[in-house]
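Colleague: Here's a sequence, model it:
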Amino acid sequence: MIIKVCGLSHVGKRRELNEDSFGVYGFEDGRLSGVCVLADGMGGHNAGEVASAMAVEAVVNELKEDISEKESNQISHNIMAAIDYANSNIYEKSLKNPEQAGMGTTLVVAYVTDEFVRIANIGDSRAYVVSDKKICRITVDHSVVEELVQRGSITREEARRHPDKNIITRALGTDLFVEADYYDYVPTAGETILLCSDGLTEMVDEEEIRDIVSNAENESLAVQSLVEKANENGGVDNVTVVALRFAEEAKADDADR
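Modeller: So this is what the prediction gives:
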């Protein structure tokens, strides 16, 4: 099996500044070895932009040195260490710069090996897995409305319209310590793992996301079409999408045709 990865970020139609960031490292020649990071920043002035960029840079730089690691416990340790490092950097910078006080960011990470994908998330940026017939959310939001949904106080549809839908309960860089949630997924050929900021999920419902991804000829067209649809539906926020598409490796006789 091989993997093709593509990411795209857009400021949207209502914002003047893009506070989303993403980074991709590895995956040379379709190898199942690499890391993708996506962050959606928050804070006054340009602080959100700073926080998300710092998070992506720190996590990618920390993980790329050990990107060939396959031992599960060591991968967990490496991801946690990278997140802690990023969190400390952002938190310390926010204390030293009054204009950036309180800045923070969401984070979703996909660490890919040839056996599984380990996902880590903080906040409400999400990871999905998409196939021809279904879309499944891998991550659980750290947000006020998600807690209400989990308690049965509101429905998923009510959560989309709730006045507190943008309030997150966990962020990178806002406190001295932060805890991520972790998930493992074993992909199969034909599936796409999608990382995205809430600028996509607030504008495009999950079934439409599934249709767009499954009908796209490749990962590049998938992310481009998703960003275009988010903007077509209002584009009220920055929108960022990273697609990791898994496929069967071409056989030698097929490649010669």
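Colleague: Would you mind identifying the next helix or strand past the helix or strand that residue 54 is a member of?
Modeller: Per DSSP states H and E: residue 54 is located in helix 47-64. Using DSSP H and E, the helix or strand that follows helix 47-64 in sequence is helix 72-96.
Colleague: Return the set of buried residues in that following helix.
Modeller: Buried positions in helix 72-96, judged by neighbour count with 16 or more other Cβ atoms under 10 Å: 75, 78-79, 82-84, 86-87, 89-91, 93-94. From N, CA and C alone the C-beta is placed, and that goes for glycine too.
Colleague: Make TSV out of those residues and add distance to residue 164 and pLDDT.
Modeller: As requested, the buried residues of helix 72-96 are exported to TSV (distance: Cβ to Cβ, whole Å; pLDDT from 0 to 100):
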residue	distance to residue 164	pLDDT
75	35	95
78	35	96
79	30	97
82	30	98
83	26	98
84	29	98
86	26	98
87	24	98
89	29	97
90	24	97
91	25	97
93	28	96
94	24	94
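Colleague: nearest to residue 227, of those?
Modeller: When the buried residues of helix 72-96 are compared for distance to residue 227 (Cβ to Cβ), residue 86 wins out at 25.2 Å.
Colleague: Quick check: that closest one vs residue 162, distance?
Modeller: Distance from residue 86 to residue 162, counting by Cβ to Cβ, to the nearest Å: 29 Å.
Colleague: One more: residue 36?
Modeller: To residue 162, residue 36 is 29 Å away according to Cβ to Cβ.
Colleague: hmm, back to that, closest to residue 47 among the buried residues of helix 72-96?
Modeller: Of the buried residues of helix 72-96, the one sitting nearest to residue 47 (Cβ to Cβ) turns out to be residue 94, at 7.4 Å.
Colleague: what about residue 16, neighbour count?
Modeller: Residue crowding around residue 16 was assessed by other Cβ atoms under 10 Å; the count is 6.
Colleague: So it, which state does it fall into?
Modeller: coil (DSSP: H, G, I helix; E, B strand; the rest coil).
Colleague: On the pLDDT front, check residue 157 for me.
Modeller: Residue 157 is assigned a predicted lDDT (pLDDT) of 77.
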